[in-house]
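Asker: mind folding the following:
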Amino acid sequence: MSETTETTGTETTGAETPFVRYDLRDGFAVLTLDSPHNRNALSSKLVRELLDGLRKAGADEQARGVILTHTGNTFCAGADLKEALDADPAAAADIRTRWMIDVLRGIVELHKPVLAQIDGNVRAGGMGIVGACDIAVAGPSSSFALTEARLGLAPFMISLTLLPRLTSRAAARYYQTGETFDAAEAERIGLITVAADDAAAEVARLCGELRKGSPQGLAESKRLVNASLVAEFDRTADELAKRSGSFFGTPEVIEGMTAFFQRRPPSWAE
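Answerer: Numbering: from 1, shown residues only. Have a look, this model is predicted:
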């Protein structure tokens, strides 16, 4: 993909540095998660800007599709645990789960193809985002894990996009063990489309193939592929949100998050 780039940026207030950058490159909107100080965690600011970027890409007549990528060595670390721990759990839990639904549904229902370009770590909510993308390409520096059980949680909301992708055996294993796995394993179990030596080059090649499809043809093809996934959102998202929200603020979750920040094993693992 050539570097004819028009940088437009997401909407921010004043001189505030954006956490999600919006560029137009060779007919594709590129949304870059650019909050490396907290490993591109899903803070309120990053989520707001990501949703703005998806809406902008959907309305951008020059964008045939969307590439979702990142700066730093982490694609997305999931929820901003510091923000979650500092907030009133009862007041903030519903907001956080709704954010996750909005992000995942925004990707799944966007009428343009969304490609994930990854060459770094993916954890928790970041895994759900990868599952939501139509095509996911991961480079050799990528690693993946679902560590919610180690924090006293479960992958509630992100199951909406992960369970349709993963083999049932892989989901049973990685949901519970929290083991880290590489791009080759992620491809084998269905989480990503391609494990590539050069993720950027492979994404550029795939964008070339997508340009051969008409906007209408791509939109309707995506709608067919994602029909059952969207139906599952309609059927279970609210119930999963309630289950997810009910766990934040419980003693085990507080202990799990506190142990994480103190870099020690939680009480149940000692």
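Asker: distance from stretch 94-113 to the middle of the chain?
Answerer: Average the C-alpha atoms of stretch 94-113, do the same for its chain, and the two points are 9 Å apart (CA atoms, centre = their mean, to the nearest Å).
Asker: tell me the buried residues in that stretch?
Answerer: Applying a neighbour-count criterion of 16 or more other CB atoms under 10 Å, one finds 96-101, 103-110, 112-113 buried in stretch 94-113. All C-beta spots, glycine's among them, are computed from the backbone N, C-alpha and C.
Asker: likewise for stretch 158-175?
Answerer: Using 16+ other CB under 10 Å as the test for burial, stretch 158-175 gives Ile158, Ser159, Leu160, Thr161, Leu162, Arg165, Leu166, Ala170, Ala171, Arg173, Tyr174, Tyr175.
Asker: not counting its neighbours along the chain, what's nearest the fourth one?
Answerer: The reference is to Thr161. What sits nearest to Thr161 in space, not counting adjacent residues and going by CB to CB, 6 or more residues apart in numbering, is Gly131, at 3.4 Å.
Asker: can you name every helix or strand that the strand or helix carrying that neighbour contacts?
Answerer: Assignment of secondary structure by DSSP states H and E places Gly131 within helix 125-132. Contacts defined by 3 or more CB pairs under 8 Å, 6 or more residues apart in numbering; DSSP states H and E place helix 125-132 against strand 74-76, helix 89-109, strand 114-118, strand 143-145, helix 159-162.
Asker: if you set the cut-off to 6 Å instead, what comes out?
Answerer: strand 74-76, helix 89-109, helix 159-162 (3 or more CB pairs under 6 Å, 6 or more residues apart in numbering; DSSP states H and E).
Asker: select from the ones you listed the stretch with the lowest mean pLDDT.
Answerer: Set side by side, those give their lowest mean pLDDT on helix 89-109, at a mean of 83.
Asker: and the contacts of it?
Answerer: With CB atoms under 6 Å, 6 or more residues apart in numbering as the test, helix 89-109 has contacts from 47, 51, 54, 114, 125, 128, 132, 157, 160-161, 226, 229, 233, 237, 241, 244-245, 248-249.
Asker: do that again at 7 Å, thanks
Answerer: Surrounding helix 89-109, the residues in contact under the criterion CB atoms under 7 Å, 6 or more residues apart in numbering are 42, 47, 50-51, 54, 79, 84, 114, 125, 128-129, 132-133, 157-158, 160-161, 226, 229-230, 233, 237, 241, 244-245, 248-249.
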